[in-house]
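**Student:** Quick one: sequence plus predicted model below, questions after.
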Amino acid sequence: KKLLLIFFIGYLFSLTILMEKLLRFEKDSATTLKDELLYIPSTKLLKFLAFGHSETLADLMWIKTILYYSEHFLTDVKFKYLEQLLNLTTDLDPLFKNAYLWGGAAFMYNGAPITSEAIEKSNKILKKGFINFPEIWEFPFQISVNYAIELRDYKKGALYMDKAAKLPNSPPYLKTLAAM
């Protein structure tokens, strides 16, 4: 039992160090955001280290994601690792609905010009969310807006608007928008 206790304490200590490194932003004056090096562990590694508590690690990665986004939103408006951080968060906790919805908006409405690459990243995280939450109308609605308004692909936009309108609890006006 003593050996197991020592192992468990060592494990907790190692996990604490890993989480501290994940959540800390280096504020060294010699390092600029241009030179930023961000370590993002694999989902497989984190699930192994979590011992069945991957939702807790997803919450920590969510905090890391928000801190990362805020830092870049206020400085260089470049989000090189945002997709990886969001995917890691949602891979650790596939039922983290707000991470998908926030991510869909964050790729596009972040102070930088909206590009087709940003729209595709937005659609990718929203589609991932829609797979895990097929009853939530906000996912196909946001995808529809991305296609129809931002990419001017009215055919795909209409397809997703129709999906959104047919879902339970969708607002009645979606049926009108889908019919247009």
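**Tutor:** That came in fine, so what should we check first?

**Student:** Tell me which stretches of this protein form helices.
**Tutor:** Secondary structure of the chain (DSSP state H): helices at 2-23, 43-50, 54-73, 82-92, 97-106, 116-132, 138-145, 154-165, 173-179.

**Student:** Export the ones you listed to TSV and append columns for mean neighbour count and mean pLDDT.
**Tutor:** In this view, the C-beta of every residue, glycine as well, is placed from N, C-alpha and C. Converted to TSV, the helices of the chain look like this (neighbours: other CB atoms under 10 Å; pLDDT from 0 to 100):
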stretch	mean neighbour count	mean pLDDT
helix 2-23	11	69
helix 43-50	15	82
helix 54-73	18	91
helix 82-92	21	95
helix 97-106	20	97
helix 116-132	19	97
helix 138-145	23	97
helix 154-165	19	95
helix 173-179	14	84
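
**Student:** Please tell me how far the nearest residue to Ile125 once chain neighbours are set aside sits from Glu120.
**Tutor:** Leaving aside its sequence neighbours, Ile125 sits nearest to Gly103 (CB to CB, 6 or more residues apart in numbering; 4.2 Å). Distance from Gly103 to Glu120, counting by CB to CB, to the nearest Å: 13 Å.

**Student:** which residues touch the residue most central in space within the chain?
**Tutor:** Central residue of the chain (CA atoms, centre = their mean): Leu86, 2.7 Å from the mean position. Leu86 sits next to Thr65, Ala99, Gly103, Ala106, Ile125 when contact means CB atoms under 8 Å, 6 or more residues apart in numbering.

**Student:** Can you tell me how far the fourth one is from Ala58?
**Tutor:** According to CB to CB, Ala106 stands 17 Å off from Ala58.

**Student:** Same check on the last one?
**Tutor:** If you measure Ile125 against Ala58 using CB to CB, the figure is 14 Å.

**Student:** now swap in Ala148 and tell me
**Tutor:** In terms of CB to CB, Ala148 sits 32 Å off from Ala58.

**Student:** what does Phe51 give?
**Tutor:** Taking CB to CB, one finds Phe51 at 14 Å from Ala58.

**Student:** swap in Leu74?
**Tutor:** Counting by CB to CB - Leu74 and Ala58 are separated by 25 Å.

**Student:** And for Asn110?
**Tutor:** 22 Å.

**Student:** What of Ser122?
**Tutor:** Distance from Ser122 to Ala58, by CB to CB: 20 Å.

**Student:** Can you give me the end-to-end span of stretch 112-119?
**Tutor:** 12 Å (CA to CA, to the nearest Å).

**Student:** quick one on the thing from earlier: same list, the contacts of Leu86, but as CSV with distance to Ala164 please.
**Tutor:** As requested, those are exported to CSV (distance: CB to CB, whole Å):
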residue, distance to Ala164
Thr65, 26
Ala99, 20
Gly103, 18
Ala106, 20
Ile125, 17
